[in-house]
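>>> return atomic coordinates for the entry below.
(3 chains)
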Amino acid sequence: MPSNARAATVFVAVVALLIALPFVGGDYYIYLFALVFINVILAASLRPSLTCGQLNIGHSAFMCIGAYTSALLAKNLGVPFEVSLLCGALLAAVVGLAIGYPSLRLRGVYFAMVTVAFVEAIRLIASIWVPLTRGNAGLSVPKPSLLGMSLATRTSQYYLALVLMLIVLVILYKLERSRLGLVWKSIGMAENLAQSLGVDIANHKLLAFTLGCFFAGVAGAFYAHFIRFLFPPEFGFLLATNILVYNFVGGRGHFAGPVVGAVFLSLLSEPFRGSPYETIFFSIVMLLTILFLPGGLITLPGKLAGLRRWRPTSGTYAPPASA
Amino acid sequence: MTAALLVQSAVIGLSIGSIYILMALGLTLMFGMMHIINFAHGAVYMLGAFAIYYVYFQWGAPYFAAFVLAMLLLGAFGYLVERSIYRPIKGGVEPTLVALLALTTLLQAAGYPVFGTLDKHVPPVFSGTRNVLGVMISVERLMIIPIAGALVVGLYLFINKTRMGAAMRAIEQDKEAAALQGVNVNVINGLAFAVGFALAAAAGALMAPIFKLDPMMGEQPLLKAFIIIILGGLGSIPGAILGGLILGLIDSIVATALGAEPAFLLSFVFIILLLLWRPTGLFGHAL
Amino acid sequence: MPLLQARSLTRHFGGLAAVSAVDLSVEEGEIVGLIGPNGAGKTTCFNLLSGFLRPTGGTIVFGGEDITGFRPHQVAGRGLVRTFQLTTLFQDMTVRENVLLGMHLHSRQGLRRLLFGRQIFPPDEVTGSDEVLEFTGLAPQADQLAKNLPHGHQRILSIAMALAARPRLLLLDEPVTGMNLEESGHVMALVKTIRDRGTTILLVEHNMKAVMGTCERVVVLNFGLKLAEGTPAEVSTSAAVIEAYLGAGLQHA
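You can find the predicted model right below:
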């Protein structure tokens, strides 16, 4: 299929550019793009849950769990990075399962409210449990390692982030294109119909949600060893909202949506990262997108092409694409 | 815990509970009519408090004038939000919720450059203490109870005794039928936004002289209000009042015994258990 | 033993009884109609039978098994499949995908197949969906998006999806409402063919003509109670039924 072939070409070209980046860009770009990769993992890992129609406004809580678990295992017990990363992701998934089980059976709004409360609760635990996490004094974290080799340079860490992101994206893409992805999509579109056809919607939602938590845990674990300093307030409600914003600004109608959204917003907000202006920028872009481009950025090329082809005499009405 | 401490926690719980009720009432009213959760409610609370800071403290207007002005201004802002955000989004609940989230983060973040990064304090409006059952309680905290009570009664009368209130109830029952009977659904929804925002502003304005002011100050009361409306059943006004009283009491007793942060954690644990045990809330509103 | 047997089925909303103590049984191979004026409790009845609502009282036995309190997917898994009153479809999917999702029930896929399989749907399911599309006459539109079908075809698609789930008992909620005479005649003929191929049918319908022409037995509900039961001829001459309908008609006028 031509569109698939084109998407594959774009994908290969982008990956080739990313592999080449450390040879042409300086340390700053390496650092920046590694952060972008983390955001891409976070955004993409929220997608399965969103596809099922679950508005999760607490995704950063699972990143937080992954980050602290991995950091503490490596720091206190000397666990190798690959194991601590896996443990962090698993614990995030287990907590996701525990929190998702009671709340996913509820209507969407209840779920959204529970996730908001949850992300704040996790942040509070991280700041109260001082003996373990050092609380708001912050926790320093060792460098990542792989098969016993310490990845000391930014370049090696960059490649690690790239590989992690690609693995996560490929798995999530495969899932979305499988029967499972179609069932998730069907739940998001018409929950009661899916149920009437025998779909156990509670279990499918739980699976989508737990998977997302696992990958958010992966992102968190890498983040911990890359930034090497954990500070509870970073993982609050604001980061969780950002992850949601990546998905909505990028577009929910296509797998590439959250990826595009995360890359676009992370790069454009870079000049004011960490200041209130970053949030102001995110919020305004979000509001404008929802109001004027409900399908997100990925529908922009199609809309522009449509404008160029548009003739006042043509009477065909194209309903807006919705996710 | 001594009896005196218990009485003190109970009275403080009642006054905190009144604030929570003001927050939860708007949320539950808007949910009942439009099936949305107004995440911006906490930011509006914050704006209500800052309105008191500027109008009462900086510009020297009388407290009650500042209080009414805060409610009016933010009520108008609520109507504007309905017009410019809720109404244009035809895409359903999810995009609306995300847009309201974006509004929340926008208002909070904009608070830093606009209000400055230093904590603000509003000097006491009511000074002194009163003896309540042998315990001295500050008048500031005591006054919250009758003022919030008056607002709750006012809302009750508005909803049950006026034409606009009847229109709100009609929309809550059945939007299509209400529209057929000549209710202008858009305007009444706008009114619900205005009422909800004004109540949140009132809550913020009442708390302004008690806590320090910063752009994130609305988050805790918002989360508390979530817990209350889940407790009371979404869309139920009596549920919100009862839920607010219960949470206020639990909160202040537990906070006195354990400290503020563990108290908040505990209320979260409470909500998970509640959802497992009774997903429709304590008073069983339709899910 | 009947295929479906509900005994003193009851559902309260608050203090109001939407359905109270209704006995309902459907024999294998029948077409049974459930009728009644607006608000008589027909849809509530359907929601109870299909597991979307939990009864406050009574039992539901299907195929010899007590399915009271089962969740919707479990009910569907036993072979009791419903359609919805409004055109509830997966609007942004193609007609074929809609039908394939109807087959979800009968598919078994391991995780390996799920992640590394080359096709989303195994060939036997594609064949199965083709058969259903052919049978319902939707084959020419198989690759269109569901939302682009005309209303009548959308209703047929919702029946096709339910059929793909290979039900023993098919619950049709107002299958011909909003259709013209020709369309509703076509759907009712389809319903008869489905029955002749071995699927028992229980339908709720407003269109009296369609019900009387198709159903072998009719159950009349009014105010949540069973008012009458019998052949269409018996029921349409029953004084109580006429009064219920006339009374409702007068209220509406």
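>>> report how many residues lie close to residue A:210.
Neighbour count for residue A:210, taken as other C-beta atoms under 10 Å in any protein chain shown: 23. For glycine as for every other residue, the C-beta is placed from the backbone atoms N, C-alpha and C.
>>> what do you get for residue A:230?
For residue A:230, the neighbour count with other C-beta under 10 Å is 23.
>>> ok, it touching residue A:141?
Yes: if you go by C-beta atoms under 8 Å, residue A:230 and residue A:141 touch, sitting 6.3 Å apart.
>>> shared neighbours of these two, which are they?
A:71, A:224 (C-beta atoms under 8 Å, 6 or more residues apart in numbering or on different chains).
>>> so in terms of bridging, what pairs with the residue in the stretch 1-150 of chain C that chain B sits nearest to?
Chain B sits closest to residue C:13 of the stretch 1-150 of chain C, with a gap of 7.7 Å, by C-beta to the nearest C-beta. Beta-bridge pairing for residue C:13 (DSSP bridges): residue C:16.
>>> distance check, it against residue A:201.
Plainly put, residue C:13 is 23 Å away from residue A:201 if you go by C-beta to C-beta, to the nearest Å.
>>> likewise residue B:145?
45 Å.
>>> residues from the stretch 101-250 of chain A in reach of chain B?
A:102-103, A:105-110, A:112-114, A:116-118, A:120-121, A:124-125, A:127-128, A:237-238, A:241, A:244-245, A:248 (C-beta under 8 Å from any C-beta of the partner chain).
>>> derive a PyMOL selection command for the buried subset of those residues.
Selecting the buried subset of these in PyMOL, with 16 or more other C-beta atoms under 10 Å in any protein chain shown as the burial test, is done by:
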select buried, chain A and resi 102+103+105+106+108+109+110+112+113+114+116+117+118+120+121+124+125+127+128+237+238+241+244+245+248
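>>> how about residue B:217, phi and psi?
Residue B:217 adopts backbone torsions of phi -60, psi -20, taken as degrees, to the nearest 10.
>>> what sits against the nearest residue to it once chain neighbours are set aside?
In space, residue B:217 comes closest to residue B:46 once its chain neighbours are excluded; the distance is 5.1 Å by C-beta to C-beta, 6 or more residues apart in numbering or on different chains. For residue B:46, the contacting residues are B:107-108, B:111, B:204, B:213, B:215-218, by C-beta under 8 Å, 6+ apart.
>>> tell me the one of these nearest chain C?
Here the nearest of those to chain C, counting by C-beta to the nearest C-beta, is residue B:107; it sits at 34.2 Å.
>>> touching, that closest one and residue B:50? I think so.
No: the criterion here is C-beta under 8 Å, and residue B:107 misses it with residue B:50 at 10.4 Å.
>>> neighbour count: these two, which is higher?
Using other C-beta under 10 Å, the more surrounded residue of residue B:107 and residue B:50 is residue B:50, with 24 against 21.
>>> just the CA atoms of the helix or strand harbouring that one, as PDB, please.
Residue B:50 is part of helix B:41-52 when elements are defined by DSSP states H and E. Provided in PDB are the C-alpha atoms of helix B:41-52 (Å, rounded to 0.1, in the frame of the first residue of the first chain):
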ATOM      1  CA  HIS B  41     -12.600  25.300  39.700                       C
ATOM      2  CA  GLY B  42      -9.400  25.400  41.800                       C
ATOM      3  CA  ALA B  43      -7.900  28.200  39.600                       C
ATOM      4  CA  VAL B  44     -11.100  30.200  40.100                       C
ATOM      5  CA  TYR B  45     -10.800  29.700  43.900                       C
ATOM      6  CA  MET B  46      -7.300  31.100  43.600                       C
ATOM      7  CA  LEU B  47      -8.500  34.100  41.600                       C
ATOM      8  CA  GLY B  48     -11.200  34.700  44.200                       C
ATOM      9  CA  ALA B  49      -8.600  34.900  46.900                       C
ATOM     10  CA  PHE B  50      -6.300  37.200  44.800                       C
ATOM     11  CA  ALA B  51      -9.300  39.500  44.100                       C
ATOM     12  CA  ILE B  52      -9.600  40.000  47.900                       C
END
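>>> can you list the buried residues in the very next helix or strand once past it?
Per DSSP H and E, helix B:41-52 leads on to helix B:63-81 as the next helix or strand towards the C-terminus. The neighbour-count check on helix B:63-81 (16+ other C-beta under 10 Å) flags B:63, B:66-67, B:69-71, B:73-75, B:77-79, B:81 as buried.
>>> taking helix B:41-52 as reference, get the angle to helix B:63-81.
The directions of helix B:63-81 and helix B:41-52 differ by 140 degrees, with axes from the mean of the first three to the mean of the last three C-alpha atoms, to 10 degrees as the criterion.
>>> looking at residue B:145 and residue A:201, which one has more neighbours?
Neighbour tally, residue B:145 and residue A:201, criterion other C-beta under 10 Å: the higher count belongs to residue A:201, 22 against 16.
>>> now do the contacts for that one.
Residue A:201 neighbours (C-beta under 8 Å, 6+ apart): A:52, A:187, A:191, A:194-195, C:73.
>>> roughly how far apart are it and residue A:193?
Counting by C-beta to C-beta - residue A:201 and residue A:193 are separated by 10 Å.
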